[in-house]
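S.K.: Pasting the sequence and the predicted coordinates here, then a few questions.
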Amino acid sequence: MSKTAKQEDVRFGKFGTVSFTKTTRVNDFIDHLENGKVMATRCSQCGEVFFPPRADCCRCLSSAMQWQEVSGSGTLVSFSQLKFAPIGFDGDLPYSIALLDYGAFRVFGRIDSRLDIARLRIGMAMQTVVNRLPNGQLNYVFEPVD
């Protein structure tokens, strides 16, 4: 008898400008991005919300997690334009990063590169949307709510 080798799930390798890991226990995050949805996880036991998504709750230690869409608008808490970057991101310079507050959780990420950062104001409403990169990779970016 021969055993069938289990194929490694490397979907997470499609995330970001440069992927530093190809596998994680939240690989379904990539499927959601491919379907146009940015998702967080919510602990079924205590209700804590996590973004980036987690497979386990650090509050109650449960592994009973459910997917929850990051939708609606968040409030811009902070932003910065980067002029130096780690290896692999230097071709994107300059780019801007930000933190959005959604109430129950916060999301850290990039601001859409098409947006003039002179338009940004702390407290403004922004949303998190899926972004498809020219190289086929996926990520998410922030854009103003119209």
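M.R.: Perfect, thanks for sending it. These numbers were taken from a predicted model, which means no experiment stands behind them. Numbering: from 1, shown residues only.
S.K.: Only C-alpha atoms from now on, for both contacts and neighbour counts.
M.R.: Fine.
S.K.: correct me, but Cys57 touches Gly47?
M.R.: No: look at Cys57 against Gly47 with Cα atoms under 8 Å: they stay out of range, at 9.4 Å.
S.K.: Mind listing the strands the host helix or strand of Val77 pairs with, and their directions?
M.R.: Following DSSP states H and E, one finds Val77 within strand 74-82. Strands that pair with strand 74-82, judged by DSSP bridges, come out as strand 95-101 (antiparallel), strand 125-132 (antiparallel).
S.K.: Figure out how far the first one is from the centre of its chain.
M.R.: This means strand 95-101. Averaging C-alpha positions (Cα atoms, centre = their mean, to the nearest Å) puts strand 95-101 11 Å from its chain's average.
S.K.: quick one: contacts of that strand?
M.R.: Strand 95-101 has contacts (Cα atoms under 8 Å, 6 or more residues apart in numbering) with 74-83, 106-113, 117, 126, 142.
S.K.: among these, which ones are buried?
M.R.: Buried residues within these, defined by neighbour count using 16 or more other Cα atoms under 10 Å: 74-77, 79, 106-112, 126, 142.
S.K.: coming back round to it: now the strands paired with strand 74-82 in a markdown table, with distance to Gly36?
M.R.: Formatted as a markdown table, those follow (distance: least, Cα to Cα, whole Å):
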| stretch | distance to Gly36 |
| --- | --- |
| strand 95-101 | 19 |
| strand 125-132 | 6 |
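S.K.: Enumerate every residue touching Asp31.
M.R.: So Asp31 contacts nothing (Cα under 8 Å, 6+ apart).
S.K.: Can you give me the distance of it to Asp56?
M.R.: 19 Å (Cα to Cα, to the nearest Å).
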